[in-house]
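S.K.: I would like the atomic coordinates for the input below:
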Amino acid sequence: MFDVSEDTYAHAIDEKTVPNASVRIDYPDNYLIEDSLSDKEFVPVVYITLNALKAMKGHEGTLARNIVTRVRNMCEYNGIPNVAELQLDCDWTQSTEKSYFALCDSVKFSIADLQLPWRLSSTIRLHQLSGNVPPVDNGVLMVYNTGSFNDPDAANSIIAAKDVEPYLRHLPDYQLHLDVAYPAYSWQLLFRRRQFIGLLNGLNLTDTTQFSPRGGNVYIANRDIPYNDRLILKGDMVREETSEYEDISKVKRMIDTKLLRRKHSNILYHLDSKNLSKYSDNEVNEILSVSE
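M.R.: Numbering: from 1, shown residues only. Sure, this is the predicted structure:
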């Protein structure tokens, strides 16, 4: 629905965080929401930056009230039906864990105080499996972005079994219901002098007038190339990464074994026709399937 960011110019505590990058929902003309969406359940998600969390330390109740009220208002304004859960997305660390958990408690209080029929869930990163469990009703284990952006020698930072496996020893004992989210997206990473510069998308790396292959999924710019608001310089390296079915399937088998048949759902992120076109129907069904 939106990000929560820090406002570095604000002085009043209730203004130190602001909503950012709010979703825009456009319905086609004559679109009947009650006919098309009435059988769907919606889970609004709010991403909370660490800077915002730190700015509201000790005032998590104020932040929680603002989040819950804004999500409720956005759902009502856009006619989103069947909201049964609110999800918080935050890459909390050991130093910010106490504040994030206080925020979760305060969000649950605000949900009850406003008499909303919502559960509360939280994203769970792989590195968070070794820590304490947040005070939420359920979690979503994010099994993507498993490698490091900053490593120019990594083969695939989106998903790789070798990056996931070390964390899974904590999974059987994690005391929270977890659903599991797998990647279905691709991107391109730009490096300059072996330093990560940023994410790209849509470059035609097969154009030999612009790029030369250097083995595997790595390409080198033959000349300076304008790209949106930046310039790709001659000699820059671009690594193209995608979510291969074989990699997802391998990691899924590892996780299914560790979950020991605990009831859960599988999720594809993010779900659109372009991403799904890379997989057969059988492959999509296999990723989403749950062992009985």
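S.K.: number of residues surrounding Leu231?
M.R.: Neighbourhood size, Leu231 [other CB atoms under 10 Å]: 11. Just so you know, the C-beta spots here come from the backbone N, C-alpha and C atoms, and that holds for glycine as well.
S.K.: any weak-confidence spans in the stretch 151-292 of the chain?
M.R.: 292 (pLDDT under 70).
S.K.: can you show me the strands along it?
M.R.: Secondary structure of the stretch 151-292 of the chain (DSSP state E, counting those that start in this stretch): strands located at 178-183, 186-192, 195-200, 211-213, 218-221, 225-227, 230-232, 237-242, 266-269.
S.K.: now Asn156: how far from Leu276?
M.R.: For Asn156, the distance to Leu276 equals 19 Å [CB to CB, to the nearest Å].
S.K.: the two: who's more crowded?
M.R.: Neighbours were tallied for Asn156 and for Leu276 using other CB under 10 Å; the higher tally belongs to Asn156 (19 against 14).
S.K.: distance check, the more buried one against Glu165.
M.R.: Look at Asn156 and Glu165: by CB to CB, they are 14 Å apart.
S.K.: how about Val284?
M.R.: For Val284, the distance to Glu165 - CB to CB - is 24 Å.
S.K.: near the closest residue to Ser291 other than its chain neighbours, how many other residues are there?
M.R.: Using CB to CB, 6 or more residues apart in numbering and skipping residues adjacent in sequence, the residue nearest Ser291 is Asp256, 5.2 Å away. For Asp256, the count of nearby residues is 17 (other CB under 10 Å).
S.K.: just Gly139 next, same as before
M.R.: 21.
S.K.: surely it is within a helix?
M.R.: No. Counting by DSSP: H, G, I helix; E, B strand; the rest coil, Gly139 falls outside a helix, being strand.
S.K.: show me the contacts for it.
M.R.: 121-124, 176-179 (CB atoms under 8 Å, 6 or more residues apart in numbering).
S.K.: and it, what are its bridge partners?
M.R.: When assigned by DSSP bridges, Gly139 has beta-bridge partners Ser122, Leu178.
S.K.: many thanks, we can stop here.
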